[in-house]
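> Can you look at this prediction? I've put the sequence above it.
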Amino acid sequence: MKDETIGIQGLAFHEPLLFDQGSKGRTACSLPESDVPEVKPERLLPKKLLRHDIPGFPELSEVEVVRHFTRMSQWNYGVDLGFYPLGSCTMKYNPKINEDVWRLPGFSRAHPYQPESLAQGALQLMFELEQYLAEVSGMERVSLQPAAGAHGELLGMMLIRAYLESKGNPRKRVLVPDSAHGTNPASSALCGYQVVQIKSGPKGCVEPHAVAEAMDEDVAAIMVTNPNTLGLFEEHIAEIAKIVHGKGGQVYCDGANLNAIMGISRPGDTGIDVLQFNLHKTFSVPHGGGGPGAGPVGLKAHLAPFMPVPVVERKGDRFVLNHNLPSSVGKVRAFYGNFAALVRAYAYIRSLGPSGLRRVAEVAVINANYLMSQLKGHYHLPYDKFCKHECVFSDARQIPHDVHTLDIAKRLMDYGFHPPTIYFPLIVRGALMIEPTETESKETLDQFIAAMKKIAEEAEREPELVRSAPHKTKISRLDEVKAARQPNLRWKVKTSEPERSSSS
Amino acid sequence: MKDETIGIQGLAFHEPLLFDQGSKGRTACSLPESDVPEVKPERLLPKKLLRHDIPGFPELSEVEVVRHFTRMSQWNYGVDLGFYPLGSCTMKYNPKINEDVWRLPGFSRAHPYQPESLAQGALQLMFELEQYLAEVSGMERVSLQPAAGAHGELLGMMLIRAYLESKGNPRKRVLVPDSAHGTNPASSALCGYQVVQIKSGPKGCVEPHAVAEAMDEDVAAIMVTNPNTLGLFEEHIAEIAKIVHGKGGQVYCDGANLNAIMGISRPGDTGIDVLQFNLHKTFSVPHGGGGPGAGPVGLKAHLAPFMPVPVVERKGDRFVLNHNLPSSVGKVRAFYGNFAALVRAYAYIRSLGPSGLRRVAEVAVINANYLMSQLKGHYHLPYDKFCKHECVFSDARQIPHDVHTLDIAKRLMDYGFHPPTIYFPLIVRGALMIEPTETESKETLDQFIAAMKKIAEEAEREPELVRSAPHKTKISRLDEVKAARQPNLRWKVKTSEPERSSSS
Amino acid sequence: MRYIPNTEADCRTMLDAIGVRSSEELFADIPSKLRLKRGLDLPPPLSESGLKRQMSALAGKDADVDRYSSFLGAGAYNHFIPAAVSHLVFRSEFYTAYTPYQPEISQGTLQAIYEYQTLICQLTGMEIANASMYDGSSALAEAVLMAHRINGRQEVLMPRAVHPEYRMVCGTYANKLGLRLLELPYTDKGTTDLKQVKAALSPRTSCVVVQSPNFFGALEMLEEIAEAAHGAGALLVVAVAEPVSFGIVRSPGECGADIVVGEGQSFGNHLNFGGPYLGLFATQEAYLRSMPGRLVGQTEDKHGRTGYVLTLSTREQHIRREKATSNICTNEGLCALTATVYLSLLGRTGLRELALLNLRKTAYAKAAFSKLRGYEVRFSGPTFNEFVVRSKKRTPAQVNRALLGKRIIGGMELGRFYPELADCLLLCVTEENSREEIDALCKAMGGAR
Amino acid sequence: MRYIPNTEADCRTMLDAIGVRSSEELFADIPSKLRLKRGLDLPPPLSESGLKRQMSALAGKDADVDRYSSFLGAGAYNHFIPAAVSHLVFRSEFYTAYTPYQPEISQGTLQAIYEYQTLICQLTGMEIANASMYDGSSALAEAVLMAHRINGRQEVLMPRAVHPEYRMVCGTYANKLGLRLLELPYTDKGTTDLKQVKAALSPRTSCVVVQSPNFFGALEMLEEIAEAAHGAGALLVVAVAEPVSFGIVRSPGECGADIVVGEGQSFGNHLNFGGPYLGLFATQEAYLRSMPGRLVGQTEDKHGRTGYVLTLSTREQHIRREKATSNICTNEGLCALTATVYLSLLGRTGLRELALLNLRKTAYAKAAFSKLRGYEVRFSGPTFNEFVVRSKKRTPAQVNRALLGKRIIGGMELGRFYPELADCLLLCVTEENSREEIDALCKAMGGAR
Ligand SMILES: Cc1ncc(COP(=O)(O)O)c(C=O)c1O
Ligand SMILES: Cc1ncc(COP(=O)(O)O)c(C=O)c1O
């Protein structure tokens, strides 16, 4: 694509808040005429329970609502617009057919409490998806209930706690490597455990001796992320698992990065007792601008009695919901899980099949290593070895020019790219965490590499250009301090001017 | 919305041609495995009829195709993004529900030749739509076959010709006012008629005496547009019809502007024999960036024998296609019409009902006159009287500053608006033809008025700013002369570099 | 009024600004005898949910190719449409835009049309293509008129193997301008008789029309016909109703066609009970200025940035008025975009594989019918994805009725257009018909003989 | 591999650039005993059309609210969803974006969340709202933990009239942190007994939870309970599972709630067989820093242009880690956007009309059942769009089975959660249930008694 940059500028549209538009009495909905007696609400509800109006609530016609959100959508960057190498988030392409199938009436218009006999398709899908995920991860059972990765972590730790309680002592502490995602310690804490941080070794992996030192009979579990947040496979995972098991602890695996090893290595075969999947990463469920995702939890047989209810079971040729698990931890959300996300993951697995899933991992890793190999000479690479799904650079070489990771990230926008994850993992100062995924072409990677090199140059030649980036976006850097110091978290009816819509 | 302009700039994306991307062997489709014997094509077709490859044809994965068209879509302006006052085009809002219902499998996945017994829904819809359109227009029958307005004009003139032939003489000429849309004369010519231009009177309407002078036994018909392209109602239409009928001619009405008079006046009641509807204008069918639309033709009983086949008829409680019309003109396209467009128009009529359609006309006319009243002082208004659906200004006041209609149009883009129709109708030099439609709010009109006033100022104060507009769009004005002088109408396999994909 | 933002109050304010008391005054110019004195006689307004129910009820009365297995083709083909097609085509920036008269804010549509023109050239083997016509039949009619504009001749050779509705449309268009259509018979191969073409050719012949694959699904000998036509100074107009054939069949351009038209519905457009479809139109550069329809060209802005514009519009009605090459204005833009997206997804290998799959499945079905008691394959010529079967005992209508009971929609009954083929069915087999479906069809028809 | 652009050849080139012979070398760090020595045991890949058939076959086995008339509610409600909702929410710029960490290219999502937070504040009558929680039940659990963070107390008063699954989720979350849930009974009005609340309140009480409309559809006396709770220094946590009630029922904020949580599914989100749904979470400014979940705030850029950012993230896990107010990261963003679009469409008048319509239809149905032989309305308290019916003769299971025959999905059988209500059904009536449907239900149940 010659050397034009992908990032250019075009016409965009200013769009005020919903609340600063419209006029009294407008609505974009047309309800059916009431076909029952039009009794006055006062006759149906006690006066003191009645509400009469919602001042300031929107009053817009359909065209106004449509333009509002259409214009706003264009202010967003999405995977469908370009490269989104957000490390640890696996922003892969979301197949369009999956967006059609979850909307089939039998899925999207089915009520969670409708009779099992009238939900056999949904139950079969959940039953089979559990089997597929178990096979991919090497676990024995899978709970589809959690709504996201962190939710899965929480459930996973609850299972461990319930298991240990059944053995007489829930224990007190959980070991978490310093490279872990913030949700890991938070989930442990939410489950009533103190968190003990384990320092990663010089090669970016957790070292057995460090675990051995911290491990004792008060430690309930270790939470490892594998491949970890440096994009490295935890080489000693088996040995670590042995150490933890040796002291009666459990091994939790944060499976958010499963994309790099599907079909190649299975956590279940490496000594893991529990792990969560992030279907909105590995299994192509779109991230939705912040969810919904799904965070199923895979587990070994000894934890099965504690699974949340209900679980889907097969009875002959019928599928049923079993609510009756005496030692279940209970429930972590209502109903069965983020079903529409499960449908997409199921469709994804059926589309790729075994060979396809393995190919996903291979190409994801090839893409990541290709990026790493090409950028090495231009950015500091703290851990210089082959990576898996992502590679982590830092701003060490740019700091002398007073150009920082944040500046590099913002400048990437001008070149038409979404920035990588920045300042995470915490063990790398000024981290630039780049995950290309398998759905990016070599040409796209080359364009990104060219932009990164250009920015490295700019950092030396015209650092101000980088420091003041982005230049092509609708707005430039925002005052985050002001946002936090004087929180403005909602629109309010202006008291000065009489509230627009209530006039008349 | 204070005084920020709506037009701003944001990040856009460069996107090369399909043919300059991808790599050998990529595809975004996955066909089912062949479940029949994989016979070599040479065994099924004579060698000389076989094709082996299509050099230069695209080779892309799904994500590449999705980004290509998603990025390109953002270079477009559409009704869903903002005000689109393209005169004569009635760019009203296209209801979203209509886009869902035409896609119902029973409509979009139905084959035109499937048995009538299995197409009763589609046939009923066509039967009822014919009745609705007849009622709105005051005509007696309606053919749903034409694919667009011009197609309808052609069919309309064919009906007239067939009718006159049945009377023994098709006649030679057709009268067309100088304010008519180009399709009117072109359709007449395509139907074998010479076109005689009628000069509009000083008040912008066709004058009876002018028609009387041109009318004789060689004149087959007159084509009037009512309301006309100046946005004016042809006040003398009844008298004109009498004159033409008096000499045995027929009266065709270009009904593209029906939006202004729905429920208020019916062409059929004004002496019209034939007219076409533009469903993609009046009846909210989206214009699709250039179609498909639909141009049904309404006609009086004396023309019914000549309707194109088939026509939908009711037999008891069943609907049938009648192919057997001995004096039919034949067909103007295969099958029955742009059915998916008919579905939308049907849904639109059923949503608004009689009161709604009348309200459409009222508000469309109020909006147009409001615009006219506010811009009058700032732009030259050649015909200063109340208008119907649109008002036509000119650049007469800006020409002294060497600012022309084209410049004003381009500058509007910077303010976030689509320009009006320009340089049409031809009888107004430098015409700016503004049709707001009923789906625009007063606030939007006020924003547009403010922009137009600002531009009038700019034309005086900083004309160069206007002449060099647009400034915020992805590209600025294009070299149209070059485009016409050295036509480049397609991508070609570069002969210099060995053709990308055929390598290997 | 969810589609009409302005409330009574808003209108009031505007009427005041205009300086009238009521909207009535704005309609004062309409003579009262021309006013409608009553409300329109139409059904009352429906709520959105009511509308949805009403439309679903209507649609529910129709069969669709999801609930039936269908073997209908005859100019409208049931091909699988990848999900990405509608996700992209129904981006509102595309479908709520008008014809791209203002290039600076229409580059999405314009670049897509330029790509479409290129794809159609690549498929047809022609030098230039326009931005679309209404459908295959009207495109053919316009091609016939164009040939007449080019060589001023009056006669059109029109084989009976051309789609009957296309022939009818050509007739309807052509006779207004005094052109005459001469029919040409078909042989037992189901193709047009070359000898007859040669015999019919004369200095009056403006063009020879050939459809290939023709209405019977058979492939015509284009090269030979082209040679004959050119020999007589006539043009060859080739019509292609099933463009998936371009993936495996030699292009008309290579065979010497002067104008190639076609129906693009197969390329990602729904069956839509007959429309909207997509008129393909391509020709040679030499005929550029006689060509109907819109054209997009590549050019650049003052900063040298590449861009696309509507060009050569001096051929068109809005400039040339009655002297235009056609009256077409609104065309089938979104269907052309659909085809562009569809073809981008299939691409170089996909289209070929798809065509091959159609060819093979049809060959499989044909073989089955050649063995099926009570039936015979009517024509011997090579076919793409359609072929004609003769029913020796039951009438085609009886056969089809029997099939409906098995939720199979059989072939088109040819008697309607060809009295001499009253005992024949035109069957179409695409990638959407599984082998099981084909076997079920044979079994059911075998039973129904 | 239509989702994987890079071909073998592309990979080859990249491997060369990396300097390895094969991708194997890139996996060398995985000890071979940890490698999978076989292929995954999964079904073979499906073509896109094959996948579509497979998924349609599965979905076809389920009932849906289009093909059945349904009276199920109980935390998941069947409301009409205007077409514009999915047209806007499924703009790919929205659904293919990640959490808006980079505000300059995420303003669409961010402004929408700011609008969402505002709408939720307006509906609940609270001062601040977050960007969403997983669902209503987990939002309630988080509210209970938040109350504990605020006042350090250990006891939670949990009425049995709260959705049983919500109570279960609260228990699952709370007991890990040593919180105790005390159940409170319901009266014959179907509401929580104020006397019992007062009796149970103590200095140990962290919060009183109330659902209103509660699981039986009845409206609780929030004001009185708030007063009692506050009197004992406890917080009032109000849960709303059917937020359409906000259109006609006095807001919890006005009644003195300290935290309001709810299930936002009713606002334009599909039933989805139980998920994804939308956890609403609102509270008073005073508790801002103890609040879980993401928050969007308004600020400006260096040119003074208004913009929106994620803010106050020091409460969150990625900064605070184990000291965070919650572990939530990915939330239900797109469901929140859906609610925002839905509420914008209904607006100030629409939401009220909708609530009124639900209220009236339910009143109509309730009146019918109070007259229906063999049944009685179980509770006497005022209800919104759900109510409990007692079947005097047949068991609820028998009644429902009989209804299925008429393509009616009856009410939820309460015995599953309330042994003492084993003879009761919880019925829900929304604007999607026409009067005819309601009459048909009564008729069928009358027949089934
Ligand atoms: C390594 C890791 N673990 C856990 C999570 C949490 O997953 P979720 O955001 O779905 O709760 C994430 C995603 O942010 C992650 O990257
Ligand atoms: C007044 C008038 N007549 C006829 C036409 C032609 O209609 P269409 O473009 O649908 O062929 C148009 C639209 O351009 C028009 O504005």
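Perfect, thanks for sending it. Ligands and ions are numbered 1, 2, ... in the order given.
> Find the centremost residue of chain C, please.
Nearest residue to the geometric centre of chain C (Cα atoms, centre = their mean): residue C:263, 2.9 Å.
> count of residues packed around residue 189?
Looking at chain A here, since you left the chain open. 24 (other Cβ atoms under 10 Å in any protein chain shown). For every residue, glycine as well, the C-beta is placed using N, CA and C.
> think we crossed wires, I meant chain C
17.
> Surely it and residue C:381 touch.
Yes. Here residue C:189 lies in contact with residue C:381, judged by Cβ atoms under 8 Å, at a distance of 3.5 Å.
> hey, what's in contact with both of the two?
Counting by Cβ atoms under 8 Å, 6 or more residues apart in numbering or on different chains, the contacts common to residue C:189 and residue C:381 are residue C:218.
> ok so, going back, look up how far residue D:161 lies from the residue nearest to the centre of chain C.
Distance of residue C:263 to residue D:161, given as Cβ to Cβ, to the nearest Å: 64 Å.
> Could you do residue C:186 as well?
Per Cβ to Cβ, residue C:186 is found 80 Å from residue D:161.
> Those two - which one has more neighbours?
A direct count of neighbours by other Cβ under 10 Å for residue C:186 and residue D:161 places residue D:161 higher, at 29 against 23.
> Can you give me every residue that contacts the more buried one?
Contacts for residue D:161 (Cβ under 8 Å, 6+ apart) come out as D:186, D:190-192, D:211, D:214-216, D:218, D:220.
> Give me the three-state assignment for the closest residue to residue C:25 other than its chain neighbours.
Spatial nearest neighbour of residue C:25, chain neighbours left out: residue B:386 (7.4 Å); criterion: Cβ to Cβ, 6 or more residues apart in numbering or on different chains. The three-state label given to residue B:386 by DSSP: H, G, I helix; E, B strand; the rest coil is coil.
> Can you report how many residues lie near residue B:386?
20.
> Am I right that it is in contact with residue C:30?
No. Look at residue B:386 against residue C:30 with Cβ under 8 Å: they stay out of range, at 10.6 Å.
> Output the below-cut-off pLDDT ranges for chain A.
Counting by pLDDT under 70, the ranges of chain A that qualify are A:1-4, A:496-504.
> cutoff 90 now
Residue ranges of chain A with pLDDT under 90: A:1-5, A:33, A:494-504.
> Residue A:352 belongs to a helix, doesn't it?
Yes. Under three-state DSSP, residue A:352 sits within a helix.
> How about it: what's its closest non-neighbour residue?
In this structure, residue A:352 finds its nearest non-sequential neighbour in residue D:45, 5.8 Å apart by Cβ to Cβ, 6+ apart.
> Can you report phi and psi for the one you found?
Torsion angles at residue D:45 (phi, psi; degrees, to the nearest 10) stand at phi -60, psi 150.
> is stretch A:485-498 up against chain D anywhere?
Yes. Stretch A:485-498 reaches chain D (Cβ under 8 Å from any Cβ of the partner chain) through A:487-491.
> residues of that stretch that come out buried?
Within stretch A:485-498, the residues scored as buried using 16 or more other Cβ atoms under 10 Å in any protein chain shown are A:487-491.
> Please tabulate those residues in TSV, including the columns secondary structure and distance to residue D:137.
Output for the buried residues of stretch A:485-498, formatted as TSV (DSSP: H, G, I helix; E, B strand; the rest coil; distance: Cβ to Cβ, whole Å):
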residue	secondary structure	distance to residue D:137
A:487	coil	28
A:488	coil	30
A:489	coil	24
A:490	coil	25
A:491	coil	29
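> Identify the farthest-apart pair in those.
The span of the buried residues of stretch A:485-498, defined through Cβ to Cβ, is set by A:487 and A:491 at 13.3 Å.
> Quick check, the residue in the stretch 151-300 of chain C closest to ligand 2?
residue C:294 (10.9 Å; Cβ to the nearest ligand atom).
> ok, that residue - contacts?
Residue C:294 makes contacts with B:290, C:99, C:113, C:130-132, C:310, C:313, C:316, C:328, C:331, as judged by Cβ under 8 Å, 6+ apart.
> can you list the residues of chain C near ligand 2?
C:329-330 (Cβ under 6 Å from any ligand atom).
> Does the longest helix belonging to chain C reach chain A?
Across chain C, the longest stretch assigned as helix under DSSP state H is helix C:333-371. No. Helix C:333-371 stays clear of chain A (Cβ under 8 Å from any Cβ), getting no nearer than 9.9 Å.
> My read is that residue A:476 contacts residue D:300, right?
No. Between residue A:476 and residue D:300 there is no contact under Cβ under 8 Å: 10.0 Å.
> Comparing these two, which residue is more hemmed in?
residue A:476 (17 against 14).
> quick revisit: quick one: which of the buried residues of stretch A:485-498 is nearest residue D:385?
Proximity of those to residue D:385 (Cβ to Cβ) peaks at residue A:490, which lies at 27.9 Å.
> Number of residues surrounding the residue in the stretch 351-500 of chain A that chain C sits nearest to?
Nearest to chain C in the stretch 351-500 of chain A, going by Cβ to the nearest Cβ, is residue A:351, at a distance of 11.2 Å. Other residues within reach of residue A:351, judged by other Cβ under 10 Å, total 24.
> do the one 4 residues further on as well
Burial of residue A:355 is recorded as 15 neighbouring residues (other Cβ under 10 Å).
> so it is in which element?
helix A:339-375 (DSSP states H and E).
> and the residue nearest to the centre of chain C, what is it in contact with?
Neighbour list for residue C:263: B:334, C:75, C:135-137, C:139, C:240-243, C:277-280 [criterion: Cβ under 8 Å, 6+ apart].
> For it, which residues count as its bridge partners?
residue C:279 (DSSP bridges).
> what's the spacing between residue A:219 and residue A:199?
16 Å.
> Ok, residue A:312 next?
Using Cβ to Cβ, residue A:312 is found at 42 Å from residue A:199.
> One more: residue C:386?
For residue C:386, the distance to residue A:199 - Cβ to Cβ - is 72 Å.
> wait, isn't the residue of the stretch 351-500 of chain A closest to chain C in contact with residue D:48?
Yes. With contact defined as Cβ under 8 Å, residue A:351 reaches residue D:48; the gap is 7.4 Å.
> Need the residues touching each of these two.
Shared contacts of residue A:351 and residue D:48 (Cβ under 8 Å, 6+ apart): A:97, B:30.
> can you give me the end-to-end distance of stretch C:402-415?
Using Cα to Cα, to the nearest Å, one end of stretch C:402-415 lies 18 Å from the other.
> Residues contacting that stretch, please?
Contact with stretch C:402-415 is made by B:111, B:113-115, B:118, C:63, C:67-74, C:388-389, C:394, C:396-397, C:399-400, C:421-428, C:437, C:440-441, C:444-445, C:447-448, as judged by Cβ under 8 Å, 6+ apart.
> can I assume residue C:330 sits in a helix?
No. Per three-state DSSP, residue C:330 lies outside any helix segment and is coil.
> need the contact list for it.
B:148-150, B:278, B:280, B:287, B:290-293, C:99.
> Any of these buried? List them.
By 16+ other Cβ under 10 Å, the contacts of residue C:330 give B:148-150, B:278, B:280, B:287, B:290-293, C:99 as buried.
> Next, check the residues you listed against the helices and list the overlap.
Those of the buried ones among the contacts of residue C:330 lying in helices (DSSP H): B:149-150.
> Make JSON lines out of the buried ones among the contacts of residue C:330 and add distance to residue C:179.
Listed next are these as JSON lines, based on distance: Cβ to Cβ, whole Å:
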{"residue": "B:148", "distance to residue C:179": "23"}
{"residue": "B:149", "distance to residue C:179": "25"}
{"residue": "B:150", "distance to residue C:179": "20"}
{"residue": "B:278", "distance to residue C:179": "29"}
{"residue": "B:280", "distance to residue C:179": "31"}
{"residue": "B:287", "distance to residue C:179": "33"}
{"residue": "B:290", "distance to residue C:179": "29"}
{"residue": "B:291", "distance to residue C:179": "27"}
{"residue": "B:292", "distance to residue C:179": "27"}
{"residue": "B:293", "distance to residue C:179": "28"}
{"residue": "C:99", "distance to residue C:179": "30"}
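> and of the buried ones among the contacts of residue C:330, the nearest to ligand 2?
For the buried ones among the contacts of residue C:330, the residue nearest ligand 2 by Cβ to the nearest ligand atom is residue B:149; the value is 2.3 Å.
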